[in-house]
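1. The sequence and its predicted three-dimensional model are supplied below.
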Amino acid sequence: QVDLVESGGGLVQAGDSLRLSCAASGRTFNTYAMGWFRQAPGKEREFVASISYAGDLTYYADSVKGRFTISRGNAENSANLQMNSLKPDDTAVYYCAARYGGPSIDRPLYAYWGQGTQVTVSS
């Protein structure tokens, strides 16, 4: 069982940066791959980035590649998403997710989810 709590969202202008954090509970955090997903109003939840339990494998959606960076700190039981050069299209609720096993871009493969944090990017 893993409980996840996101933080760091907010209202920013286009071109600004934000750093989202995901705090995880559970003694076996370092055995879970982590992912970030987002959901904009009226749209389905979509993959953003994922990272392996060791932190040596990362995957990104094409729309954020080169702008976002996913990382994790197993000692701190945390996963982070550094978002640079933000665009209005990045506006969404961002969710942290965990799965036992390797990183994946497939939303249904993640068993544990946080409540989400709102990111709003104004033009």
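-> Arrived safely. Numbering: from 1, shown residues only.
2. now the strands for this protein?
-> 4-7, 10-13, 18-24, 32-39, 46-51, 58-60, 68-73, 78-83, 92-100, 112-113, 117-122 (DSSP state E).
3. Give me the distance from the last one to the chain's centre.
-> Remark: strand 117-122 is offset 14 Å from the chain centroid, using CA atoms, centre = their mean, to the nearest Å.
4. Would you give the sheet partners of that strand, along with the direction of each?
-> strand 10-13 (parallel), strand 92-100 (antiparallel) (DSSP bridges).
5. So in terms of bridging, what pairs with the closest residue to A111 other than its chain neighbours?
-> Leaving out its chain neighbours, the residue that sits closest to A111 by CB to CB, 6 or more residues apart in numbering is R99, at 5.8 Å. For the C-beta atoms, the positions are set from N, CA and C on the backbone; glycine is no exception. Counting by DSSP bridges, R99 forms beta bridges with A33.
6. coming back round to it: any idea which of the strands of the chain gets closest to D106?
-> Ranking these by their distance to D106 (criterion: CB to CB) puts strand 46-51 first, at 7.6 Å.
7. Which positions in the closest one come out as buried?
-> Buried positions in strand 46-51, judged by neighbour count with 16 or more other CB atoms under 10 Å: 47-51.
8. for stretch 25-43, same thing?
-> Across stretch 25-43, burial judged by 16+ other CB under 10 Å covers 29, 32-38.
9. Report the contact partners of the residue most central in space within the chain.
-> Residue closest to the mean C-alpha point of the chain, counted by CA atoms, centre = their mean, is W36 at 2.4 Å. By CB atoms under 8 Å, 6 or more residues apart in numbering, the contact list for W36 reads 20, 22, 48-50, 70, 79, 81, 94-97.
10. Reformat the buried residues of strand 46-51 as CSV; add pLDDT and distance to T120.
-> Listed next are those as CSV, based on pLDDT from 0 to 100; distance: CB to CB, whole Å:
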residue, pLDDT, distance to T120
F47, 98, 20
V48, 98, 16
A49, 98, 19
S50, 98, 24
I51, 97, 25
